[in-house]
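Student: I'd like to go over a predicted model; first the sequence, then the structure.
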Amino acid sequence: MILFLMAGYKFLSDVIRKCLVDSTERKVKIWQWITNMLVIAFIAVALLAFSQDHSKSHKEKSRLIGCSYMTMNNEFYQILNEQVSHRVEAERDRLMLRDPALDVNRQIEQINSMIDEGVDALVVTPVDSSSLSKVLRRARKHGIKIIVVDSEIDEPGLADCTIVSDNYNAGSIIGKYYLKDHEEGQVVILTHESTASGRERVRGFKDTISANSEIRIMAELDCQGQVEIAMPVLRDYLEQGKKFDSVFCLNDLAAMGAASALEEAGILNETDVYGVDGSPDVKALIAEGKVRATAQQFPTRLGFQAGEALYKLLQGEKTEKNIIVPVELLNSNNVEDNYVDRWQ
């Protein structure tokens, strides 16, 4: 384009210069002014055309990435999505984020809509691990790359890459910590049965504490991993006169709801609460002695890995089919060393 502008400028200058060979000095100045105005107009038009062509070319080449996490009212997914978004922006692509708000039918509808919009890839955390098979098959038929993150789907073969925390071990390390403090016990478990990640954490915890026959599981209560559901669910259980000494929660939001219900009943200081996530709120509760421990996840690492896998797939490169991100135990001994006021 620059060469084109230079050639155009030279052509106009040469033509007008030839016209001025026999002109008077006054006419020369007039024609020089006309030349300059014509050249400026020519450059302006050419630059505008170049800008429009470049913009059109960039739009045609950019890729559209669809993201659908379980819910966006959990800061965990906001942090995870930030990492994916940073990578998409760095690649000069576009991101389409939709929030199903824990409604699997809404998630299916949103994914179908993103397929119709022409997304090149999907980053998905399933609301229900068993209900997305049909829509993900449709996505594959359209050549869309699929990255499942944080919680598996029941048909893992539909995903090009699955990236999760070590969810079984998250439950297991809490179970081991629980066994150190309890020779016997009565435990309530707060679950989220529709998610594979939640089921795996509960399984890891139950398998581990089963080593001690003096520990009894009193109830498993589904709270969908939400504060506003966990609190009334546990409150209702308490109002039935049930006795227990500990609550294992599939995530930190459930742990916050449990702690609130127990505090409301005046028995938080008598009851041990355990979570999974490593959220800033629960790290603060651990520091205050209101929650015993949590298994720390790393949403920044999950999001970074999702971005890496996404662009390897889009560029036709191979990536690992399954990526497992380790978890760590956080308790009163080490929580202050783990940036209490932020996610990791």
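Tutor: All right, it came through fine.
Student: show me where pLDDT drops low in the stretch 51-200 of the chain?
Tutor: 51-60 (pLDDT under 70).
Student: let's go with 90 and repeat that
Tutor: Segments of the stretch 51-200 of the chain classed as low confidence (criterion: pLDDT under 90) are 51-61, 73-75.
Student: residues contacting residue 267?
Tutor: Contacts of residue 267 were listed using C-beta atoms under 8 Å, 6 or more residues apart in numbering, and they are residue 238. Where you see a C-beta, it was placed from the backbone N, CA and C, and this is true even at glycine.
Student: right, I mislabeled it, should have said residue 147
Tutor: 121-124, 159-163, 306, 309-310, 313 are the contacts of residue 147 under C-beta under 8 Å, 6+ apart.
Student: Go again with 6 Å.
Tutor: Counting by C-beta atoms under 6 Å, 6 or more residues apart in numbering, residue 147 makes contact with 123, 161, 306, 309, 310.
Student: Columns distance to residue 228, neighbour count and secondary structure on top of those residues, output as a markdown table?
Tutor: Written out in a markdown table, the entries for these read as follows (distance: C-beta to C-beta, whole Å; neighbours: other C-beta atoms under 10 Å; DSSP: H, G, I helix; E, B strand; the rest coil):
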| residue | distance to residue 228 | neighbour count | secondary structure |
| --- | --- | --- | --- |
| 123 | 26 | 28 | strand |
| 161 | 33 | 22 | strand |
| 306 | 28 | 25 | helix |
| 309 | 33 | 24 | helix |
| 310 | 32 | 29 | helix |
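Student: now, which of the residues you listed sits nearest residue 104?
Tutor: Within the contacts of residue 147, distances to residue 104 taken as C-beta to C-beta reach their minimum at residue 123, with 17.0 Å.
Student: Let me know the secondary structure of residue 126.
Tutor: Residue 126 falls in the coil class when you classify it by DSSP: H, G, I helix; E, B strand; the rest coil.
Student: Correct me if wrong: it contacts residue 132.
Tutor: Yes - between residue 126 and residue 132 there is a contact at 5.1 Å, judged by C-beta atoms under 6 Å.
Student: of these two, who's got more company?
Tutor: For residue 126 against residue 132, the residue with the higher neighbour count under other C-beta atoms under 10 Å is residue 126, and the figures read 29 against 25.
Student: Return the set of residues that bridge with residue 188.
Tutor: residue 219, residue 247 (DSSP bridges).
Student: For beta bridges, what are the partners of residue 146?
Tutor: Listed by DSSP bridges, the beta-bridge partners for residue 146 are residue 122.
Student: Can you give the domain ranges for this protein?
Tutor: Recorded structural domains for the chain (assignment: automatic domain parsing) are 2-60, 63-165+299-325, 167-297+332-337.
Student: rewinding a little: show me the common contact partners of residue 126 and residue 132, please.
Tutor: residue 153.
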